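In: Take a look and give me a structure for this.
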Amino acid sequence: MIVRLVAPPGSIARQVDLDLRRANPINFSLRSEVPNVWLYFRVSNQSLVGLTLDRLLIELWIGQPTFQGAALRRVDVPARKSTEDISFWTDLSANQVQQIQSKAQDGLLTVPVQLTLDAYFESKVGPVHVTKRLEQRDVRLG
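Out: Sure thing, here's the model as predicted:
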């Protein structure tokens, strides 16, 4: 396949950036009837090949491992475009809420939220895998 020779999957992976979206990327609702967290992501595809996000595996730490999850909704990311149409929601157990609150003062986390992301994309040149570690400071609890 000619496209694969021009743009091997490893080369494409280096042109894809995973990040949290800029506005309110992490939303904790610890006092709701069902305590939960929403995470919002941005994917930038600077390659010349369109991608489809197949799944995004998420590991979140707040001082220690807090939860793992997967965003399984498929999202198209055209060549040379970005999307912020990627979100993840999970409910939190009483133990997780207690662990998160133990790292907060005056409604603000005192330690960074650390994320490890593994994104698996499909493309016309084959599968593309991107791993990214992110850190978000000054996260407010709700």
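In: CA atoms for contacts and neighbours, from now on please.
Out: Fine.
In: Which parts of this structure are helices?
Out: All helices of the chain, identified by DSSP state H, fall at 2-6, 9-13, 94-101.
In: Single out the most deeply packed of the ones you listed.
Out: Of the helices of the chain, the one with the most neighbours on average (mean count of other Cα atoms under 10 Å) is helix 9-13, at a mean of 18.
In: State the distance from residue 132 to residue 67.
Out: The gap separating residue 132 from residue 67 is 17 Å, by Cα to Cα, to the nearest Å.
In: For residue 121, list the residues it contacts.
Out: The contact partners of residue 121, taken as Cα atoms under 8 Å, 6 or more residues apart in numbering, are 51-55, 127-129.
In: Same list (these) but as a markdown table, adding neighbour count, pLDDT and distance to residue 16.
Out: Output for those, formatted as a markdown table (neighbours: other Cα atoms under 10 Å; pLDDT from 0 to 100; distance: Cα to Cα, whole Å):
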| residue | neighbour count | pLDDT | distance to residue 16 |
| --- | --- | --- | --- |
| 51 | 24 | 98 | 10 |
| 52 | 17 | 98 | 12 |
| 53 | 22 | 98 | 11 |
| 54 | 17 | 98 | 14 |
| 55 | 17 | 98 | 15 |
| 127 | 18 | 97 | 13 |
| 128 | 22 | 98 | 9 |
| 129 | 17 | 98 | 9 |
